[in-house]
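# structure here, sequence nowhere to be found:
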Ligand SMILES: [Zn+2]
């Protein structure tokens, strides 16, 4: 564990905001699709995943640093 200078979240229970997506999962048929950003080896991606079987329905590049917006994100 490093004590690097990440500010402590002020929210008592910080949580990822997930957006409900209409439609059924193409894999299991459940109406449990959610859209949310994830960080993977390739950087940040905005994904739509089934919350039942975790099938990825869509995956697109998101901002370079995720929640940290850079001025350069706007000029692509
Ligand atoms: Zn599913």
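Sure, I can see it. In this text the structure is predicted, and so the values were computed from the model without any measurement. Numbering: from 1, shown residues only.
# quick check: residues of the chain near the ion?
With Cβ under 5 Å from the ion as the criterion, the chain meets the ion at residues 25, 27, 28, 30, 50, 52, 53, 55. Backbone N, C-alpha and C define where each C-beta goes, glycine included.
# tally of neighbours for the closest residue to residue 52 other than its chain neighbours?
Using Cβ to Cβ, 6 or more residues apart in numbering and skipping the chain neighbours, the partner closest in space to residue 52 is residue 30 (4.0 Å). Counted with other Cβ atoms under 10 Å, residues neighbouring residue 30 total 13.
# got the contact list for residue 30?
Contact analysis of residue 30 by Cβ atoms under 8 Å, 6 or more residues apart in numbering lists 24, 50, 51, 52, 53.
# in ChimeraX, select just the buried ones from those.
To isolate in ChimeraX the members of the contacts of residue 30 that are buried, counting by 16 or more other Cβ atoms under 10 Å, one can use:
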select :50
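# tell me which element residue 20 is part of?
Secondary-structure assignment from DSSP states H and E places residue 20 in strand 19-21.
# packing partners for that strand?
Applying 3 or more Cβ pairs under 8 Å, 6 or more residues apart in numbering; DSSP states H and E, one finds that strand 19-21 makes contact with strand 33-40.
# list the pairing partners of the strand it packs on within its sheet, with orientation.
The pairing partners recorded for strand 33-40 under DSSP bridges are strand 19-21 (antiparallel), strand 43-50 (antiparallel).
# ok, and which of those strands has the densest surroundings?
For the strands paired with strand 33-40, the stretch with the most neighbours on average is strand 43-50, a mean of 18; neighbours defined as mean count of other Cβ atoms under 10 Å.
# please name whichever of the strands paired with strand 33-40 is nearest to residue 71.
When the strands paired with strand 33-40 are compared for distance to residue 71 using Cβ to Cβ, the nearest one is strand 43-50, at 16.7 Å.
# what does the closest one rub up against?
21, 25, 27-28, 30, 32-39, 55-66.
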